[in-house]
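Asks: need coordinates for the below:
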Amino acid sequence: MALGDVKISVQNLFKIYGPNPQAVQDQVFDGIDKTAFMQETGHVLALNNINVDMREGQITVVMGLSGSGKSTLIRHLNRLIEPTSGHVFLDGEDVLAMDEAALRDLRRRAMSMVFQKFALLPHRTVLANTILAPEARGENVKEAEEEARKWLDRVGLEGMEDSYPSQLSGGMQQRVGLARALTSNADVMLMDEAFSALDPLIRTSMQDLLLELQRDLHKTIIFITHDLDEALKLADHLVVLKDGYIVQQGDPQEILLRPAARYIEEFIQDINRARVLKVKSIMAPAKSKRGCIDVVSGHETLEAVINAHQGRVDGVFAVSDPDDPAKIIGKVKMEDIYRALVRPQMQHD
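Replies: Alright, predicted model coming up:
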């Protein structure tokens, strides 16, 4: 499978809690009031017709407030929760059609999970916690330990192998959780509010670490968060949930520039656009730097360009390919950069 191909496809997924979910599913529609639905039917609507493709080697971020259904959704991917109806495909195979043996194999080999509460076993050392997946699969322990040490070193925990979870800070414990997921060697990593219990500075460093690892490993990561800044920083593909349904999904820069609903507009109205919008998202296509005063990377934020050029308000910049700095892919005017900082007016009902 090539990078960018669909790795996980969620199709027409519904989850309704209650005595007879199938009997009330026909009453569900996009934007239905969950409270009214519960009062009228005695059932709780958790997921409402979810359709999303999660691509190989990308970070799909599912964002929403408490009760939006984001944690329920991620637990359907490895069938920790059974749906009311719908399908979840992994590499084209229907996860919901798997028998118990195939499902155990999927959880042990194909998908790893990083939890908000760390989920480390207190009686096991850091190293012993890190090798849980290969140990459960019956693999050679010595080889697993060698692999685990490599990842512990990579996440900054070299020399901590014999420590116990109680001896570690929250940030260090979550690094163990990340190393454990990597040691499992699964193609897919499920991360449910993985950094939300951490202090802000530690949380930022963990986000940076995840992005650094992803540049090398190209895992398929599904990341759950309620934090918009975190979502915009991490996401290749952003899915915004509200009351169990998808309000908008797509490239996070596109969502920020062109919100499709009032709910999204209200979500993003206080965001620092200069820090999250990237030059590539507002450039005009071009192949030459003729007439430009400088070259900036497409991955640079607007804030970085403004700061680097000391707040000047004129000039045209050539935009280089983030993966090939010698290649020019566009041009951007300084006036366009400043115009992009203006929050769009709310227009949706």
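Asks: centre-most residue in this protein?
Replies: The centroid of the chain falls nearest to Val61 when counting by C-alpha atoms, centre = their mean (2.7 Å).
Asks: helices of the stretch 1-150 of the chain, start to end?
Replies: Using DSSP state H, counting those that start in this stretch, the helices of the stretch 1-150 of the chain run over 21-24, 34-41, 70-77, 100-105, 126-130, 132-136, 141-154.
Asks: which of those helices sits most buried?
Replies: helix 126-130 (a mean of 24; mean count of other C-beta atoms under 10 Å). Placement of C-beta: from N, CA and C, glycine included.
Asks: let's see that one as CSV, backbone CA atoms only.
Replies: Provided in CSV are the C-alpha atoms of helix 126-130 (Å, rounded to 0.1, in the frame of the first residue of the first chain):
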residue,chain,number,x,y,z
VAL,A,126,9.4,0.7,31.8
LEU,A,127,11.1,-1.9,29.6
ALA,A,128,8.6,-4.6,30.6
ASN,A,129,5.7,-2.3,29.9
THR,A,130,7.1,-1.4,26.5
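Asks: what's it in contact with?
Replies: For helix 126-130, the surrounding residues in contact (C-beta atoms under 8 Å, 6 or more residues apart in numbering) are 120-121, 145, 148-149, 151-152, 157, 160-165, 168, 176, 179-180, 183.
Asks: before we move on, what about stretch 167-178?
Replies: Residues contacting stretch 167-178 (C-beta under 8 Å, 6+ apart): 114-115, 118-120, 126, 129-130, 152, 155-157, 160, 165, 194-195, 197-199, 202, 205-206, 209-210, 213.
Asks: one more time with 7 Å, if that's ok
Replies: Under the contact criterion C-beta atoms under 7 Å, 6 or more residues apart in numbering, stretch 167-178 has outside partners 114-115, 118-120, 126, 129-130, 155-157, 165, 194-195, 197-198, 202, 206.
Asks: any idea how far that stretch is from the chain center?
Replies: 20 Å (C-alpha atoms, centre = their mean, to the nearest Å).
Asks: repeat that for stretch 31-39.
Replies: On C-alpha atoms, centre = their mean, the centre of stretch 31-39 falls 28 Å from that of its chain.
Asks: repeat for stretch 327-344
Replies: Per C-alpha atoms, centre = their mean, the centroid offset for stretch 327-344 relative to its chain is 26 Å.
Asks: now stretch 169-184
Replies: Its chain's C-alpha centre and that of stretch 169-184 lie 17 Å apart, by C-alpha atoms, centre = their mean.
Asks: go on, stretch 66-86?
Replies: Distance, centroid of stretch 66-86 to centroid of chain: 15 Å (C-alpha atoms, centre = their mean).
Asks: part of a strand, is Gly177?
Replies: No. Looking at Gly177 with DSSP: H, G, I helix; E, B strand; the rest coil, it is helix, so not inside a strand.
Asks: adjust the sequence numbering to begin at 58 for everything that follows.
Replies: Right, with 58 as the first residue, what we last looked at is Gly234.
Asks: relative to Val109, which of the helices of the stretch 58-207 of the chain is closest?
Replies: helix 127-134 (8.5 Å; C-beta to C-beta).
Asks: confidence score at the residue lying closest to the residue nearest to the centre of the chain once chain neighbours are set aside?
Replies: Nearest non-adjacent residue to Val118, counting by C-beta to C-beta, 6 or more residues apart in numbering: Ala292, 3.7 Å away. We have a pLDDT of 95 for Ala292.
Asks: again with Asp87
Replies: Asp87 is assigned a predicted lDDT (pLDDT) of 76.
Asks: now for the nearest residue to it once chain neighbours are set aside, how many residues are close by?
Replies: Leaving aside its chain neighbours, Asp87 sits nearest to Tyr302 (5.6 Å; criterion: C-beta to C-beta, 6+ apart). For Tyr302, the count of nearby residues is 21 (other C-beta atoms under 10 Å).
Asks: cool, Ala288 as well?
Replies: Neighbour count for Ala288, taken as other C-beta under 10 Å: 24.
Asks: so what's it up against?
Replies: With contact set as C-beta under 7 Å, 6+ apart, Ala288 has these partners: Val118, Met120, Thr282, Leu295, Pro309.
Asks: low-scoring stretches of this structure, by residue?
Replies: 401-406 (pLDDT under 70).
Asks: strands of that one, residue ranges please.
Replies: 63-74, 101-112, 116-120, 142-147, 150-151, 168-171, 245-249, 277-282, 294-299, 302-307, 341-342, 351-354, 373-378, 381-390 (DSSP state E).
Asks: want to throw those into TSV with distance to Val362?
Replies: Conversion of these to TSV gives the following (distance: least, C-beta to C-beta, whole Å):
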stretch	distance to Val362
strand 63-74	34
strand 101-112	29
strand 116-120	24
strand 142-147	40
strand 150-151	45
strand 168-171	34
strand 245-249	31
strand 277-282	27
strand 294-299	23
strand 302-307	24
strand 341-342	15
strand 351-354	5
strand 373-378	7
strand 381-390	8
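Asks: right, so of those, which gets closest to Asp90?
Replies: Between Asp90 and those, the shortest separation by C-beta to C-beta is 9.4 Å, and it involves strand 101-112.
Asks: what pairs with that closest one, parallel or antiparallel?
Replies: Take DSSP bridges as the rule and strand 101-112 pairs in its sheet with strand 63-74 (antiparallel).
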